[in-house]
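Enquirer: sequence below, structure please.
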Amino acid sequence: METRLIGKIVSRRFRIEEVIGRGGMSLVYRAFDLKTHQTVAVKVLREEYEDDKEYKERFEREADVCKRLNHPNIVNLIASGTAGGISYITMEYVDGQTLKEIIDERGHLPQEEAAHYALQILAALAQAHQRGIIHRDVKPQNMMVTKNGQLKVTDFGIAGIANSETLTTDGSVIGSVHYFSPEQAKGMKACAASDLYSVGIILYEMLSGHVPFNGESAVAVAMMHLMKEPEPLETQAEVSPAIAGIVHKALEKSSQDRYQTAYEMMSDLRRALRHPDGKFLIPKGTHTPKEQEPHRLSPWLAGIVIVLGLAIGITGLQLYRTMFVLTTVPEVTGMPLDEAKDYLTRLGLTWDVAYNYGELPKDYIYDQEPDANTETEKGSCISLMVSLGSETVNVPRFVGYTLNEALDIAAAQGFNVVSTEIVPSELLKNSVIAQTPEAGQNSAVGSDISLVVSGGRVIVPDFTGSRLEDAERQLREVGLTPGEITRVTMDDVRKDGLVQSQSLESFTEVLPGSIVDLDVGYYERRKYVYVLQLDLSAINSGSMLRVTLIEQDGIEYDMYAGEKDEDILSVRLRSETSGLKKWRLYIDGNFVREENVVLHSTETGEP
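Expert: Residues are numbered from 1 along each chain as shown. Down below sits the predicted model:
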């Protein structure tokens, strides 16, 4: 059952909260990481497949693939393993929508936004391909988009290793029929160009609002991938010739005619946004070399150079350098900085770096000078503009966490909790029930956060027989509010100053802050008063204080009993008779001091 794990703790660390996703072989739960105090996503192999060797191997393979990837546009792995007979993969929790949900809600996307998402998909695939990993199930359902537009690729469950035959030698068709490549439709081995074909399908769908191939059955759609050309994108959406050309190239039937690397497709997409006419696109059948080499001389031209060198000596050598010691500036925008440095070094170029905030993830190049495909001398310096990441970040979700957990999350992510309002609530006491700003909103790092915290429900104590000051202290301690104090005339001196009844019945559950009125006994014959002021600055806070008055018959009566919470304590000593009396002070049950005072009559006789 899907709910069997809710409320349980997996691997002594992840507290399962609710189901957030369902797949053919697994369920995905939102969970709370008891170690890091973060919300996480826990993927669990379905119960019916726990004993199935093939499914367990696929599940373990996904965990192994995720361990090899670390990229801002790939959902990061936190932990994986088996605990209590449960196979699980724990990943970062992405608070957002799938790209498919966004397309379905909006119909189609503007080409700038579609290109922005496609570039992020390609950045993720570039790292996977570089590590020899082919995703093989690239589709918008496997793309999570946060509220600030950051896309993260998920679900490497059927990913293959580029040099592995484990999942393709049986001729089975792997992937999702609307998005897989012609070679996958044939049951052939997928390659990097297969994933890029799927990106072309997604780009087509984002721009037009529908996939290029649709049919009554999966077999019919698969045959369209093999046999049918898609309707030209420019007839289905308002796009530039450059974007249409990129999609057309990505959807070529032959993998050799498509983009060969994610970097190539990223480069063309970026140039398409600057040069929408598409004149830069390379015709079908030619491919950008992975690494530019210096221009080589033909034998005929070399002969001319030799003759020129003999004729004009040093002048000829200078001409040779001018004409032939050149290289073409490569496209490095969209690359991680370290990879771009290695690439430029191999071409004999140097670089300098400037940093600024941008849309790309941190340490990715978002611009360069000079532009790609311009000629420059070897040894020239290429200026690289590198992203510091976004100036704003997603506000994390605090609602549902305890106050202490929320404070830890805020501190870890650089936010300042400036206010915490405790309000009566039916929800769990001390849990966050509201926040400002809301989760998922864009906010600058270091921004202020305000939290509203549930006070939960309170059990009303029994105050009967307690001294008034002690009852008021207890009310505040449990989160209740002292209300109206009514004096009730008593004939028994022993009931003077003691609570006789209360407005809320004892041991009932009420909301925090509820008001409790008290009826307090008053012995009218005690009409002689002395106001005692005690300096308690040397006494520890929380110490139990007791002040008594000794009557002429030697009996000691309590005048005050409670904890020390202020440095100055005012106590009204009351008696039936006037004249010289003795009072005593006890701290934590121990006698401390005694003094004599004179009580005088008072008209009010207030206690």
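Enquirer: ok, residue 426 - how many residues close by?
Expert: A total of 9 residues lie near residue 426 under the criterion other Cβ atoms under 10 Å. Using the backbone N, CA and C atoms, a C-beta is placed for each residue, glycine as well.
Enquirer: three-state assignment of the residue nearest the centre of the chain?
Expert: By Cα atoms, centre = their mean, the chain has its centre lying nearest to residue 396, at 5.4 Å. Three-state assignment for residue 396 (DSSP: H, G, I helix; E, B strand; the rest coil): coil.
Enquirer: got a list of what it touches?
Expert: 39, 409-410, 413, 415, 439 (Cβ atoms under 8 Å, 6 or more residues apart in numbering).
Enquirer: can you lay out those residues as CSV showing neighbour count?
Expert: Converted to CSV, these look like this (neighbours: other Cβ atoms under 10 Å):
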residue, neighbour count
39, 21
409, 21
410, 20
413, 15
415, 23
439, 15
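Enquirer: let's have those residues in JSON lines, adding pLDDT.
Expert: Listed next are these as JSON lines, based on pLDDT from 0 to 100:
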{"residue": "39", "pLDDT": "88"}
{"residue": "409", "pLDDT": "83"}
{"residue": "410", "pLDDT": "85"}
{"residue": "413", "pLDDT": "76"}
{"residue": "415", "pLDDT": "86"}
{"residue": "439", "pLDDT": "81"}
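Enquirer: show me which pair in those is furthest apart.
Expert: Across the contacts of residue 396, the longest distance by Cβ to Cβ is 15.0 Å; it joins 39 and 415.
Enquirer: just for the stretch 251-400 of the chain, where's the confidence low?
Expert: The stretch 251-400 of the chain contains residues with pLDDT under 70 at 282-325, 357-360, 389-393.
Enquirer: got the domain boundaries for this structure?
Expert: Here the domain parsing of the chain from automatic domain parsing is 2-92, 96-274, 299-387, 392-454, 484-601.
Enquirer: distance between the fourth one and the chain's centre?
Expert: Computed by Cα atoms, centre = their mean, to the nearest Å, the chain-centroid distance of domain 392-454 equals 13 Å.
Enquirer: now swap in the last one and tell me
Expert: Here the centre of mass of C-alpha atoms in domain 484-601, compared against the chain's by Cα atoms, centre = their mean, lies 55 Å away.
Enquirer: now do the contacts for the nearest residue to residue 495 once chain neighbours are set aside.
Expert: Distance criterion Cβ to Cβ, 6 or more residues apart in numbering; nearest residue to residue 495, sequence neighbours excluded, is residue 521 at 3.8 Å. Each residue near residue 521 by Cβ under 8 Å, 6+ apart is listed here: 487-488, 490, 492, 495-500.
Enquirer: tell me the mean pLDDT for the helix or strand containing residue 521?
Expert: Per DSSP states H and E: residue 521 is located in strand 515-522. The average pLDDT for strand 515-522 rounds to 92.
Enquirer: okay, helices next: where are they in the stretch 1-150 of the chain?
Expert: Under the criterion DSSP state H, counting those that start in this stretch, helices of the stretch 1-150 of the chain are mapped to 53-67, 99-106, 111-130.
Enquirer: what's the answer for the chain, then?
Expert: Here the chain has its helices, by DSSP state H, at 53-67, 99-106, 111-130, 182-185, 192-208, 218-227, 241-250, 262-274, 299-312, 314-324, 337-346, 403-412, 468-478.
Enquirer: in a markdown table, list the ones you listed along with distance to residue 376.
Expert: Formatted as a markdown table, the helices of the chain follow (distance: least, Cβ to Cβ, whole Å):
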| stretch | distance to residue 376 |
| --- | --- |
| helix 53-67 | 39 |
| helix 99-106 | 39 |
| helix 111-130 | 25 |
| helix 182-185 | 39 |
| helix 192-208 | 29 |
| helix 218-227 | 42 |
| helix 241-250 | 25 |
| helix 262-274 | 17 |
| helix 299-312 | 21 |
| helix 314-324 | 12 |
| helix 337-346 | 11 |
| helix 403-412 | 45 |
| helix 468-478 | 76 |
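Enquirer: can you tell me what sits against the lengthiest strand in the chain?
Expert: Counting by DSSP state E, the longest strand found in the chain is strand 590-601. Strand 590-601 is contacted from outside by 527-530, 532, 573-575, 577-586, using Cβ under 8 Å, 6+ apart.
Enquirer: which of these fall within strands?
Expert: If you go by DSSP E, the contacts of strand 590-601 have 528-530, 532, 573-575, 579-586 in strands.
Enquirer: which of those residues has the most neighbours?
Expert: Greatest neighbour count in the ones in strands among the contacts of strand 590-601, by other Cβ under 10 Å, goes to residue 574: 24 neighbours.
Enquirer: shaky segments in this protein?
Expert: Applying pLDDT under 70 to the chain flags residues 1, 157-175, 282-325, 357-360, 389-393, 602-607.
Enquirer: please redo it, this time with the cut-off set to 50
Expert: The model of the chain has pLDDT under 50 over residues 161-173, 287-294, 314, 316-317, 320, 322, 603-607.
Enquirer: what comes up buried for stretch 81-88?
Expert: 86-88 (16 or more other Cβ atoms under 10 Å).
Enquirer: endpoints of stretch 326-344, how far apart?
Expert: Length of stretch 326-344, first residue to last, Cα to Cα, to the nearest Å: 14 Å.
Enquirer: what's next to that stretch, contact-wise?
Expert: Outside stretch 326-344, the residues that touch it by Cβ under 8 Å, 6+ apart are 119, 122-123, 126-127, 130, 263, 266-267, 270-271, 291-292, 294-295, 347-351, 353, 360, 363-368, 370-378, 382, 384, 386.
Enquirer: apart from its chain neighbours, what residue comes closest to residue 381?
Expert: The shortest distance from residue 381 to any non-neighbouring residue, by Cβ to Cβ, 6+ apart, is to residue 350 (4.8 Å).
Enquirer: how about residue 209?
Expert: Per Cβ to Cβ, 6+ apart, closest to residue 209 is residue 108, 3.7 Å.
Enquirer: please apply the same query to residue 484.
Expert: Distances taken as Cβ to Cβ, 6+ apart place residue 517 nearest to residue 484, at 4.6 Å, with adjacent residues excluded.
Enquirer: repeat for residue 385
Expert: Spatial nearest neighbour of residue 385, chain neighbours left out: residue 367 (4.0 Å); criterion: Cβ to Cβ, 6+ apart.
Enquirer: burial measure for the one you found, as a count.
Expert: There are 17 residues near residue 367, going by other Cβ under 10 Å.
Enquirer: any idea how far residue 270 is from it?
Expert: 9 Å (Cβ to Cβ, to the nearest Å).
Enquirer: out of the contacts of residue 521, which comes closest to residue 67?
Expert: The closest of those to residue 67 turns out to be residue 499 (Cβ to Cβ; 65.0 Å).
Enquirer: list the contacts of that closest one.
Expert: Residue 499 touches 463-468, 471, 518-521, counting by Cβ under 8 Å, 6+ apart.
Enquirer: distance-wise, check it relative to residue 520.
Expert: To residue 520, residue 499 is 6 Å away according to Cβ to Cβ.
Enquirer: now do the shared contacts for those two.
Expert: In contact with both residue 499 and residue 520: residue 468, using Cβ under 8 Å, 6+ apart.
Enquirer: show me what residue 544 is bridged to.
Expert: With DSSP bridges as the criterion, residue 544 is bridged to residue 563.
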